[in-house]
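Undergrad: predicted structure and sequence below. I'll ask about it afterward.
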Amino acid sequence: MKHAHLFSRKMSSSVLLAALLTFPLAVGWVVLGEREEAQMVCAGKEFRLPVFSTSRTVTFKPDSKGPRRVLLENTIVMDPRFEWTRDRMLVLREVSHDDQGLYAIKLSSGFTYETVYLMVQECTKSYYRNYGENFEHNIPENGTILEFTLRGAPPMSMPVVLWNRTDPETSSTGRGRLIKGGKVWVADRVTQSDQGNFTVRDSMGNVLSRRTLTVRGHYFNITRFTKESLNLPLFLPVPHANLIFTPSRHPDESSLGPFDYKPPRGSVQLIREGHITDHDIRYRGLISLGRNGTVNEVVIGRLISRHDGLYEIKDGDGNLVSSTTLHVIERGGRWRALLKSITVPSGMFVSLAGFILFMKRYPYCSLSQIIGGLRGNRAPPANPPRVNIQRKS
């Protein structure tokens, strides 16, 4: 009897538990577990939080010591930095480090439906420009200051302020200018002196965006025939141009006499601050300054093999403008080499093909028989016919 009573109590507990679990389903309730998600967004970029309902509450608990606050109540946005879209998304257009933390989506009953942890990182984008090109940097709406740190600067050095929204004088006297209604900062004709990090910060000093700029010199690889000309574009004003030549061929000085000219083996400066120098006799009367449309250029005429080498153009600060590798070849030498490279393999291929066809026609013929046949069929030497000449008496 005692065991029957105990079994009855267990059965009642099981029925009650089953009823509690099935009741919410019977009345249309949905019991959901909390979903957790993590997102990483770069500073200055957009953050989109799917809500998927008009009866939800979104709260935010920052990683900093700030209190938890409500961002969205049903369809009413409590923070003006956020937007509520038609597809039921809570959107933050420009993320800062203060937006890092836990975002919780709650039902009307107060149950936490989903949590999203937002991580904000300083994503650095790398940009490459050639010497003399322009570099643009977008300015976010909440951007207050644009800083520049030169590549290779000491760690404790202070960055240079290129633009400050609250100080117009800095904007007018600093490097670069604003375009497109103040939304874009541009630096004209960049050089290697502009290499480094460009950082945009808000009024609180938070990093909104960061870009790294690398400036490279123009590179050319040119082949010319002898007696032709070489044209080198300057990409900068003539008075600032310096041309340095490094030869790749060195003449044999053993055949030179004691009074013969010996060209330098190292680098030679052919143009200094826009003026042609005559230090190297190989270039006397061959270098001139000209203009091709809107571009200044250096013209080197009557090329010979001794002009092979590297031609570097640098500005007054030593920044590399362009680097040109020149190869001078004898006229016709290239075509002779090309013809030889074609005819030799072609002749070998034709001979091999003829041998294969012969072996297919005469499969039982050995190499010794072929050689013997060639020797046996050799034509005898032609003897001149004998002519008898009788003298008549």
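TA: Received the coordinates, thanks.

Undergrad: count of neighbours near the closest residue to Leu102 other than its chain neighbours?
TA: Spatially, and ignoring its direct neighbours in sequence, Leu102 is nearest to Lys61 (4.7 Å; C-beta to C-beta, 6 or more residues apart in numbering). To be clear about C-beta, it is placed using only N, CA and C from the backbone, and glycine gets the same treatment. Neighbours of Lys61 under the rule other C-beta atoms under 10 Å: 15.

Undergrad: pretty sure Lys61 sits against Thr112.
TA: No: using C-beta atoms under 8 Å, Lys61 is not in contact with Thr112, being 11.7 Å away.

Undergrad: for the residue nearest to Leu102, which three-state class applies?
TA: strand (DSSP: H, G, I helix; E, B strand; the rest coil).

Undergrad: residues in contact with it?
TA: Neighbour list for Lys61: Arg68, Gly101, Leu102, Ala104 [criterion: C-beta atoms under 8 Å, 6 or more residues apart in numbering].

Undergrad: next secondary structure after the helix or strand encompassing the third one?
TA: Per DSSP states H and E, Leu102 falls inside strand 101-106. Reading on from strand 101-106 to the C-terminus, the next helix or strand found by DSSP H and E is strand 112-121.

Undergrad: so that following strand versus strand 101-106, what angle?
TA: Strand 112-121 and strand 101-106 are oriented at 160 degrees to each other (axes from the mean of the first three to the mean of the last three C-alpha atoms, to 10 degrees).

Undergrad: how about strand 112-121: buried residues?
TA: Of the residues in strand 112-121, Thr112, Tyr113, Glu114, Thr115, Val116, Tyr117, Leu118, Val120 count as buried by neighbour count, 16 or more other C-beta atoms under 10 Å.

Undergrad: wait, what's in contact with the closest residue to the second one other than its chain neighbours?
TA: On the basis of C-beta to C-beta, 6+ apart, the spatially nearest residue to Tyr113 that is not a chain neighbour turns out to be Ile105, at 4.9 Å. Neighbouring residues of Ile105 by C-beta under 8 Å, 6+ apart: Leu49, Val51, Arg56, Thr57, Val58, Thr112, Tyr113, Glu114, Thr115, Val116.

Undergrad: mind checking which of the contacts of Lys61 are buried?
TA: Counted by 16+ other C-beta under 10 Å, the contacts of Lys61 give Gly101, Leu102, Ala104 as buried.

Undergrad: now flag whichever of those is closest to Glu330.
TA: Nearest to Glu330 among the buried ones among the contacts of Lys61, counting by C-beta to C-beta, is Gly101 at 72.9 Å.

Undergrad: surely the closest one touches Val120?
TA: No: Gly101 lies out of contact with Val120 (C-beta under 8 Å); the separation is 9.2 Å.

Undergrad: hmm, who's touching stretch 224-242?
TA: Stretch 224-242 is contacted from outside by 131-132, 218, 222, 243, 269, 271-274, 289-290, 292, 295-305, 307, 311, 313-316, 321-322, 324, 326-331, using C-beta under 8 Å, 6+ apart.

Undergrad: any idea whether Leu352 is helix, strand or coil?
TA: Taking three-state DSSP as the rule, one finds Leu352 in the helix state.

Undergrad: how about the contacts of Ile105 in a markdown table, adding distance to Leu178 and pLDDT?
TA: Shown next, in a markdown table, are the contacts of Ile105 (distance: C-beta to C-beta, whole Å; pLDDT from 0 to 100):
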| residue | distance to Leu178 | pLDDT |
| --- | --- | --- |
| Leu49 | 33 | 93 |
| Val51 | 37 | 91 |
| Arg56 | 41 | 90 |
| Thr57 | 41 | 93 |
| Val58 | 36 | 94 |
| Thr112 | 45 | 86 |
| Tyr113 | 45 | 82 |
| Glu114 | 42 | 89 |
| Thr115 | 41 | 90 |
| Val116 | 36 | 92 |
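
Undergrad: can you list these in a markdown table and add distance to Leu150?
TA: Below are the contacts of Ile105 laid out as a markdown table (distance: C-beta to C-beta, whole Å):
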| residue | distance to Leu150 |
| --- | --- |
| Leu49 | 39 |
| Val51 | 45 |
| Arg56 | 49 |
| Thr57 | 49 |
| Val58 | 43 |
| Thr112 | 49 |
| Tyr113 | 50 |
| Glu114 | 46 |
| Thr115 | 43 |
| Val116 | 39 |
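
Undergrad: going by neighbour count, list what's buried in the strand or helix carrying Val41.
TA: Assigned by DSSP H and E, Val41 belongs to strand 35-42. Buried positions in strand 35-42, judged by neighbour count with 16+ other C-beta under 10 Å: Val41, Cys42.

Undergrad: just checking, next helix/strand downstream of that strand?
TA: Following strand 35-42 in sequence, per DSSP H and E, is strand 47-50.

Undergrad: can you read off the pLDDT for the closest residue to Asp280 other than its chain neighbours?
TA: Leaving aside its sequence neighbours, Asp280 sits nearest to Val268 (C-beta to C-beta, 6+ apart; 4.7 Å). The model reports Val268 with a pLDDT of 89.

Undergrad: what of the one 4 residues further on?
TA: At Arg272, the predicted lDDT confidence score is 94.

Undergrad: next, work out how far apart Thr149 and Gly196 are.
TA: According to C-beta to C-beta, to the nearest Å, Thr149 stands 5 Å off from Gly196.
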